[in-house]
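**Q** build me a model from this:
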Amino acid sequence: MILTVTLNPSIDISYNLSTFQLDNTNRVTEVRKTAGGKGLNVSRVANELGKDVVATGFLGGKLGEEITEQLYATGIKSNFLVIQEKTRNCIAILHEGMQTEILEKGPTISTDEANQFLKHFDALSEEANVISMSGSLPNGLPDDYYTFLIERANQKNKKIILDSSGSSLMAVLQNKHRPSVIKPNINELSDILGYKLSEDNDSLKSALSTQIFDGIEWIIVFLGANGAFAKHHSSYYRIDIPNISVINPVGSGDSTVAGIAAALDNQLDDISLLKQAMTCGMLNTMESITGHIDLKNFNNLFNQVIVTKY
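**A** Next comes the predicted model:
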């Protein structure tokens, strides 16, 4: 089973407009409301890959209930901790080839709720083979909250994927409790190391050999249309991907995480894991719906991903 952790979920509302007029009335004919948050995108794609998935995190109020109902309707099991404050909305206005976002800050988690979730997580993680932790931390949680979850999962010898950035990722990198996989993009990797990185193999190999990454089994650096560069233990790989027609890139990183989680659960070899990860990310970009892949195109794209040991 794959356990996905989304600590700051939302209802994602998408408004599609031909033009967006400031300080005026904008009438919307196409509205999409989706259970949102990076971990829930992971849940959906892992479920589409045929994996048994349980989604967890914090939920509150009517919007929290709506998220649970949406997951249930798509066959995804969930077991969230119900909190006092309400789950947030996040609004995306799609207009003239651009995307304007309005993001609510979301609930504040109390100390008691934060401690309750640790016990809640302990119980759920018993049955998991792979645990995926994604996204930002809600207000009230300390920057190092992921380290508490990672420590507990490590005690049970679980495979852990962490997809976060900024202070929550740095807190983990500065802690002795290590996830199995992290997946920064090139800009996030540059921020971690404090200098601008180039995308050539030698520079990336040197960067991933830095002491701050010691003890992390997989580091996969995403390079957008240029593919990725990865380190697994002492092996390094360059991953090249084909040119594709991109419809919606939002959620492609989460779909990639789902591909990694499913590969770890299936104990795939290095090359197959990397090819599956990149294939899932590409498939998501080819769909208008965030956190969705069409498996009919899987084998075709999978066979076009080139992994070279460096």
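
**Q** show me where the stretch 51-200 of the chain dips below the pLDDT cut-off.
**A** For the stretch 51-200 of the chain, no stretch has pLDDT under 70.

**Q** quick one: the helices in the chain?
**A** 38-48, 61-73, 111-125, 145-155, 166-173, 186-193, 201-208, 252-265, 270-285, 298-302 (DSSP state H).

**Q** any chance of a markdown table for the ones you listed, columns distance to Leu94 and mean neighbour count?
**A** Where you see a C-beta, it was placed from the backbone N, CA and C, and this is true even at glycine. As requested, these are exported to a markdown table (distance: least, CB to CB, whole Å; neighbours: other CB atoms under 10 Å):
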| stretch | distance to Leu94 | mean neighbour count |
| --- | --- | --- |
| helix 38-48 | 17 | 28 |
| helix 61-73 | 20 | 16 |
| helix 111-125 | 34 | 16 |
| helix 145-155 | 31 | 19 |
| helix 166-173 | 26 | 18 |
| helix 186-193 | 23 | 17 |
| helix 201-208 | 34 | 16 |
| helix 252-265 | 16 | 26 |
| helix 270-285 | 15 | 23 |
| helix 298-302 | 25 | 15 |
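
**Q** and Gly224, which of these is closest to it?
**A** Using CB to CB as the measure, helix 186-193 is the one of the helices of the chain that comes nearest Gly224, at 7.8 Å.

**Q** ok, and what's touching the closest one?
**A** 165-166, 169-170, 173, 184, 196-197, 199, 207, 210, 212, 221-224 (CB atoms under 8 Å, 6 or more residues apart in numbering).

**Q** thinking again about what came up before, which one, of the helices of the chain, ends up nearest to Ala92?
**A** helix 38-48 (13.6 Å).

**Q** for Ile241, find the nearest of the helices of the chain.
**A** helix 270-285 (5.4 Å).

**Q** report all helices and strands that the closest one contacts.
**A** strand 218-222, strand 228-232, strand 235-240, helix 252-265, helix 298-302, strand 306-309 (3 or more CB pairs under 8 Å, 6 or more residues apart in numbering; DSSP states H and E).

**Q** mind putting the ones you listed in a markdown table, distance to Ile271 and mean pLDDT included?
**A** As requested, the helices and strands packed on helix 270-285 are exported to a markdown table (distance: least, CB to CB, whole Å; pLDDT from 0 to 100):
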| stretch | distance to Ile271 | mean pLDDT |
| --- | --- | --- |
| strand 218-222 | 13 | 97 |
| strand 228-232 | 10 | 98 |
| strand 235-240 | 8 | 98 |
| helix 252-265 | 10 | 97 |
| helix 298-302 | 11 | 97 |
| strand 306-309 | 5 | 98 |
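
**Q** need these in JSON lines (columns: distance to Leu71).
**A** Formatted as JSON lines, those follow (distance: least, CB to CB, whole Å):
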{"stretch": "strand 218-222", "distance to Leu71": "27"}
{"stretch": "strand 228-232", "distance to Leu71": "29"}
{"stretch": "strand 235-240", "distance to Leu71": "31"}
{"stretch": "helix 252-265", "distance to Leu71": "14"}
{"stretch": "helix 298-302", "distance to Leu71": "23"}
{"stretch": "strand 306-309", "distance to Leu71": "33"}
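
**Q** still on that earlier bit, which of the contacts of helix 186-193 sits closest to Asn299?
**A** Among those, Phe222 lies closest to Asn299 (CB to CB), at 22.2 Å.

**Q** show me the one of the helices and strands packed on helix 270-285 that comes nearest Met133.
**A** helix 252-265 (9.6 Å).

**Q** can you give me the angle the closest one makes with strand 228-232?
**A** Going by axes from the mean of the first three to the mean of the last three CA atoms, to 10 degrees, helix 252-265 is angled at 30 degrees with respect to strand 228-232.

**Q** check which residues of stretch 283-297 are buried.
**A** Neighbour counts over stretch 283-297 (16 or more other CB atoms under 10 Å) mark Leu283, Asn284, Thr285, Met286, Glu287, Ile289, Thr290, Gly291, His292, Ile293 as buried.

**Q** tell me the two of those that are most distant?
**A** Spatially, the most separated pair among these is Met286 and Gly291, at 13.1 Å (CB to CB).

**Q** and stretch 216-232, how far from the chain's centre?
**A** 14 Å (CA atoms, centre = their mean, to the nearest Å).

**Q** again, but for stretch 187-200
**A** 20 Å.

**Q** for it, how far is the first residue from the last?
**A** 14 Å (CA to CA, to the nearest Å).
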